[in-house]
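> A structural model of the following input is requested.
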Amino acid sequence: INLRWSWDKPTQDLFASIDPELWTHTGQDPVALLGVVTPKRLDELAEDQSFLDRLDQLAADLDDYLTRPMWYQEQQAAGAAMPTGIGYFSMEFGVAEVLPNYSGGLGILAGDHLKSASDLGLPLIGVGLYYRSGYFRQSLTADGWQHENYPSIDPQGLPLRLLTDAAGVPTLVELSLPDDKQLRARVWVAQVGRIPLLLLDSDIPENEHDLRNVTDRLYGGDQEHRIKQELLAGIGGVRAIRAFTAIEGRPDPDVFHMNEGHAGFLGIERIREFMTADNLDFDTALTVVRASTVFTTHTPVPAGIDRFPVEMVRRYFDDDSKTGLLHGVPVRRVLAFGAEDDETKFNMAHMGLRLAQRANGVSLLHGRVSRTMFDELWPGFDPAEVPIGSITNGVHAPTWAAPQWL
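The predicted model follows:
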């Protein structure tokens, strides 16, 4: 089911009219509603001409929304130079409450970003992870303490489809890990208006037991757990895009956007691609990757940035064979991307900034804070000259504004 209903009030009203009480009881979830509504009620609706007319009208409206020229297509028609595709990577996406793949502001921003891109007609592909238990559900004990609960979420009951090839075989992406292990993930697709959102899921029989839990929770686990998640999001995410565009017959992205540093390893994967497929040397491949990469930083304090022990990162990448993660890319160059003052730490935000030609904060004030916070990456520059700009966060108005205002 297309998630455009989540910001289209007439479609929400149509679902609510099926059974107002059930609509409320199911948390305004169309998939859950259609799964529990009685056959008798469906038979009644099949005889209700007014309902059928509304259904046909809204189906035609959705088809028109998905196919008519939007701002992007108008710019193309006017001869503007536009990217043929954009890969947008984030560890969380808050598209709708029925798809609990978010915890807070970063996810809400990413969800609004997809919706706005859809309304503009941008050729964007979202990439993240599918968390089997999402983020925790919160309750309070009798004496006032917070209690966290991680309910298991069945993807079959969510507005998702499995990415499969022409024969119906599920697509798997694979990453080589130390000790000759393979991390595999299938790819779920959530359709957010015109935008596909690819979510990688490691909870599959093809993985060893411990690797099935890589995508168990959002922001859970120790550092070993987190680095596996971020390797899967970055490297596996690029490979998922390649599989998706090949199956769907779409052009590959020529711009890659990191929403925070969590998916920073995508730049390493793209360097590897250019070195192996196009026979570029490392520095030339890096130049090409930087020219087509954007990094958005959200965290104005060092404590909010992922930092891994250097030796941990080395262990995942230190393989000069043609079968490891890097396929021959020099590990010392990879470690240099995450270098910081503490020589024992690998800084994901530093890697994101070093791999991106353009970087921005999320408000004017945050831009100023970030230029000071990261000025060590540009020695000899005054903070005001550090090349980190700012784009103030906006919201997707149809999602958040009352219908009377639209």
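> as a quick check, tell me the outermost residue of the chain.
Glu47 (41.6 Å; C-alpha atoms, centre = their mean).
> can you tell me how far Trp378 is from Asp216?
38 Å (C-beta to C-beta, to the nearest Å). C-beta: built from backbone N, CA, C; applies to glycine.
> buried stuff in the host helix or strand of Arg242?
When elements are assigned from DSSP states H and E, Arg242 belongs to helix 237-248. Taking 16 or more other C-beta atoms under 10 Å as the basis for neighbour counts, the residues of helix 237-248 that come out buried are Gly237, Val238, Arg239, Ala240, Ile241, Ala243, Phe244, Thr245.
> out of the residues you listed, which two sit at the greatest distance?
Comparing all pairs in the buried residues of helix 237-248 by C-beta to C-beta, the longest separation belongs to Gly237 and Thr245, at 12.7 Å.
> just to revisit the earlier point, could you check the pLDDT of the residue farthest from the centre of the chain?
Model confidence at Glu47, expressed as pLDDT, equals 96.
> now find how far off-centre the helix or strand hosting Val288 is within its chain.
Val288 is part of helix 282-291, with elements assigned from DSSP H and E. Helix 282-291 sits 23 Å away from the centroid of its parent chain (C-alpha atoms, centre = their mean, to the nearest Å).
> what is the subsequent helix or strand relative to that helix?
Under the assignment DSSP H and E, the closest C-terminal helix or strand after helix 282-291 is strand 293-296.
> given that following strand, what are its sheet partners and their directions?
Strand 293-296 sits in its sheet next to strand 255-259 (parallel), strand 358-361 (parallel), going by DSSP bridges.
> what's in contact with the next helix or strand after it?
Scanning forward in sequence from strand 293-296, with DSSP H and E defining helices and strands, the next element found is strand 307-309. Counting by C-beta atoms under 8 Å, 6 or more residues apart in numbering, strand 307-309 makes contact with Gln223, Arg226, Ile227, Gly338, Glu340, Asp342, Thr344, Lys345, Phe346, Asn347, Met348, all of which sit outside it.
> mind checking which of those residues are buried?
Listed as buried from those are Arg226, Ile227, Gly338, Glu340, Lys345, Phe346, Asn347, Met348; burial here means 16+ other C-beta under 10 Å.
> can you tell me the closest non-neighbouring residue to the last one?
Counting by C-beta to C-beta, 6 or more residues apart in numbering, the nearest residue to Met348 once its immediate chain neighbours are dropped is Gly261, at 3.6 Å.
> test my guess that the one you found contacts Arg354.
No - at 10.5 Å, Gly261 and Arg354 do not qualify as touching, with contact defined as C-beta atoms under 8 Å.
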